[in-house]
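Colleague: Quick one: sequence plus predicted model below, questions after.
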Amino acid sequence: MPAQLQLPTPATTSTPASTAFAAPALASSADTSANRNSALERRARLTARLAKLAAVGHLAPLARQIGSLGGCARPIRLTGHRTRLDTATGQILDHLDTRHLPAGELLVRCGNRRITRCPACSTLYRYDTYQLIAAGLRGGKTVPVSVATHPRVFATLTAPGFGPVHNQPGATPCTCGTRHADGDPLLGTPLNPQRYDYTGAVLWNAHAPALWARFTTHLRREIAHAAGLTQRTLRHHATLSYAKVAEYQKRGQIHFHTVIRIDGPTGPNSTPPAWATTQLLDHAIRAAANRTRVQHQHPTKAGEADRAQVLEPPVFRFGRQIDVRAIRSTDFTGDAPVTDRHVAAYIAKYATKGAETTTGTLDRRLRFLAELAQHDLTDHARRMIHTAWHLGTQPQHTHLRLRQWAHMLGFRGHFSTRTRHYSTTLTQLRAERTTWRTLQDDATSASTPPDPATVGRHSAQEPTGESQPVTDRHSDRDDLTAGHTNPGPGHRAGHRAKEGRSGGVDTTLVISHWQYEGTGLLPELAHLADLLATTPRPRPEQPRRPRYARRSGDQAGHATGPVTAAVQAEAVA
């Protein structure tokens, strides 16, 4: 593992790794301050620092640690240490200290699902969601392939109307008399904002999670009634499995896309009864959606009804537009084009999108309403946020926490949910990916002989048991989120892993201490990440240079690659 990263300094000065990427001090003169605020000057200053790191051979290991993030835009920075012990022998399996990492900190991917916050992590989340939905439709990932023969449908539940809006009704023009294109900003906005029911729209979004929960209860009742059974005896004949995702319409209302499947009494491993058909499921979904009602309930203090007039609480329900389609197999080419591949891709696409992508609102919470002046929002989204913010001050709406979820236009539920028996979980998918990456890294390390020029340097500066840099790809996220016993603030110790690094069962003790340092890369690291994203990789068909043929600018023991060349070229420019 490379030594602690330090910028070139005089021999009498010792710079810790945490201050290697410290932000530059502010200058006193107005001219210097103006130059530092210039984007061109800042880029040149950061490139010069990276060029110094390249000259002393620290850029290559730093680039490998940044590259292991997979392009995460806002990684989490941690400092501390972690030690794995074999409880049977007392041997130290490996030890990680962030002071010996190239950046001086452990960088962990943020894992944010929003595409507007982190495109790289949201793409990974979308891929995992696709595999989760597809496994419940065609099998795989611990799900038997026989689920492809079970009755399953793809349903969409929408919100009611709260006033006429600009839309695309089909062949006819909009009510305003014009034909709106797909990217027209007027789509979804009210025709008459003064008469639009913004209060009802926000409150419906706030009650949408309760509507979905009530819908699933009515759906089981409708299936049992259609089969001639009671709701209590239904579980002995069939199991209802589903996965749903919430999507924002352009008008700012939530609607649900869901995959619903009927299994046998023990889940996907059992055969559903003969009366379970897609026609029965279609009829039950429509009947349950029409029957679902949620009445606004708010806590009432004793004697409040005597002091003030209590109005009739509103009742919320789904809209009249309910779409239910049978899902066919991937090789089906008949009248129904809905296949499991289309459904999985459709749901995965909306799993990473929020209100900010369709309605034009925010992707983070508001602390003060005055913060809206800093953002370029549409008038419709701004009025929805204002309505949610002011409704949150009323006593009858305090339990909805509308101010906390004003940026989501009142919706405070989960975007993606599933039943236990539908398919695998995101945790299992991530664990499989971590195991696969660990095996790939171990195979690469075993097949690559150590460099004699660096063995002595690394052995003198690294603790025993560390043979390669440990990053988020080596399941450090599992160590951070595992169920350790907590002896004190910031400490996690006493965790016994199910499988140790040496292949034993319940023989690994993990002792760790992590401290949160911040979110997002420091300026030099962020600049290096931009260079890694824009630097073209060498073509595989180009012949490799022989070992003895060195360039004139190369130094012994210092790696020269595309990133180093890019830094040197930009420094010259």
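Modeller: Perfect, I can see it now.
Colleague: Contact partners for residue 361?
Modeller: Contacts for residue 361 (Cβ atoms under 8 Å, 6 or more residues apart in numbering) come out as 252, 355, 377, 381, 384, 385, 407, 408, 409. Where C-beta positions appear, they are placed from N, C-alpha and C, glycine not excepted.
Colleague: of the residues you listed, the lowest pLDDT goes to which?
Modeller: Least confident of the contacts of residue 361 in the model: residue 355, at 70.
Colleague: Any chance of a PyMOL selection covering the buried ones in the contacts of residue 361?
Modeller: The buried residues among the contacts of residue 361 can be selected in PyMOL (16 or more other Cβ atoms under 10 Å) with this line:
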select buried, resi 252+355+377+381+384+385+407+408+409
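Colleague: Could you dump the contacts of residue 361 into TSV and include secondary structure and distance to residue 69?
Modeller: Output for those, formatted as TSV (DSSP: H, G, I helix; E, B strand; the rest coil; distance: Cβ to Cβ, whole Å):
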residue	secondary structure	distance to residue 69
252	coil	34
355	helix	27
377	coil	31
381	helix	32
384	helix	35
385	helix	33
407	helix	27
408	helix	28
409	coil	32
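Colleague: can you redo the contacts of residue 361 as JSON lines with distance to residue 227?
Modeller: Formatted as JSON lines, the contacts of residue 361 follow (distance: Cβ to Cβ, whole Å):
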{"residue": "252", "distance to residue 227": "39"}
{"residue": "355", "distance to residue 227": "39"}
{"residue": "377", "distance to residue 227": "49"}
{"residue": "381", "distance to residue 227": "45"}
{"residue": "384", "distance to residue 227": "42"}
{"residue": "385", "distance to residue 227": "46"}
{"residue": "407", "distance to residue 227": "44"}
{"residue": "408", "distance to residue 227": "38"}
{"residue": "409", "distance to residue 227": "39"}
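Colleague: And the contacts of residue 361, which is closest to residue 138?
Modeller: Nearest to residue 138 among these is residue 355, at 31.5 Å by Cβ to Cβ.
Colleague: does that closest one really touch residue 408, like I thought?
Modeller: Yes: under the criterion of Cβ atoms under 8 Å, residue 355 makes contact with residue 408 at 5.6 Å.
Colleague: so what's residue 186 up against?
Modeller: With contacts defined as Cβ under 8 Å, 6+ apart, residue 186 is in contact with 166, 176, 180.
Colleague: Secondary structure class of it, three-state.
Modeller: Counting by DSSP: H, G, I helix; E, B strand; the rest coil, the backbone at residue 186 sits in coil.
Colleague: same question, residue 511
Modeller: Assigned by three-state DSSP, the conformation of residue 511 is strand.
Colleague: shift numbering so it begins at 59
Modeller: With the count now opening at 59, the last piece we talked about shows up as residue 569.
Colleague: measure it to residue 473 for me?
Modeller: 36 Å (Cβ to Cβ, to the nearest Å).
Colleague: and what of residue 401?
Modeller: Per Cβ to Cβ, residue 401 is found 17 Å from residue 473.
Colleague: How about residue 589?
Modeller: With Cβ to Cβ as the criterion, residue 589 and residue 473 are 34 Å apart.
Colleague: do residue 578 as well
Modeller: Counting by Cβ to Cβ, the gap from residue 578 to residue 473 is 24 Å.
Colleague: Who has more neighbours out of the two?
Modeller: residue 473 (20 against 14; other Cβ atoms under 10 Å).
Colleague: Quick check: that one touching residue 306?
Modeller: No: look at residue 473 against residue 306 with Cβ under 8 Å: they stay out of range, at 9.9 Å.
Colleague: between the two, what contacts are shared?
Modeller: Residues touching both residue 473 and residue 306 (Cβ under 8 Å, 6+ apart) are residue 412.
Colleague: center of the protein, which residue is that?
Modeller: Nearest residue to the geometric centre of the chain (Cα atoms, centre = their mean): residue 171, 2.1 Å.
Colleague: Dump the contacts of residue 244 to JSON lines, plus pLDDT, secondary structure and distance to residue 205.
Modeller: Below are the contacts of residue 244 laid out as JSON lines (pLDDT from 0 to 100; DSSP: H, G, I helix; E, B strand; the rest coil; distance: Cβ to Cβ, whole Å):
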{"residue": "224", "pLDDT": "88", "secondary structure": "coil", "distance to residue 205": "42"}
{"residue": "234", "pLDDT": "83", "secondary structure": "coil", "distance to residue 205": "47"}
{"residue": "238", "pLDDT": "83", "secondary structure": "coil", "distance to residue 205": "41"}
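Colleague: ok, and the most crowded of the residues you listed?
Modeller: Busiest of those [other Cβ under 10 Å] is residue 224, holding 20 neighbours.
Colleague: OK, contacts around that one?
Modeller: 232, 233, 234, 238, 242, 244, 245, 246, 247, 249.
Colleague: Let me know the pLDDT of the closest residue to it other than its chain neighbours.
Modeller: Nearest residue to residue 224, sequence neighbours excluded (Cβ to Cβ, 6 or more residues apart in numbering): residue 244, at 4.4 Å. You'll see residue 244 listed with a pLDDT of 84.
Colleague: What's the separation between residue 244 and residue 353?
Modeller: If you measure residue 244 against residue 353 using Cβ to Cβ, the figure is 34 Å.
Colleague: Identify the bridge partners of residue 566.
Modeller: According to DSSP bridges, the residues that bridge with residue 566 are residue 144, residue 555.
Colleague: Ranking helices and strands of the chain by mean pLDDT, which lands last?
Modeller: helix 510-519 (a mean of 37; mean pLDDT, DSSP states H and E).
Colleague: quick one: the strands in this structure?
Modeller: 134-144, 150-155, 164-166, 210-215, 297-306, 312-321, 352-353, 373-374, 380-384, 474-476, 549-557, 563-577 (DSSP state E).
Colleague: Arrange those in CSV, one row each, with distance to residue 122, mean pLDDT and mean neighbour count as further columns.
Modeller: Below are the strands of the chain laid out as CSV (distance: least, Cβ to Cβ, whole Å; pLDDT from 0 to 100; neighbours: other Cβ atoms under 10 Å):
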stretch, distance to residue 122, mean pLDDT, mean neighbour count
strand 134-144, 17, 90, 19
strand 150-155, 15, 88, 18
strand 164-166, 11, 88, 22
strand 210-215, 43, 93, 21
strand 297-306, 36, 91, 22
strand 312-321, 40, 92, 23
strand 352-353, 53, 88, 16
strand 373-374, 53, 90, 16
strand 380-384, 48, 91, 16
strand 474-476, 33, 88, 20
strand 549-557, 26, 41, 15
strand 563-577, 20, 83, 15
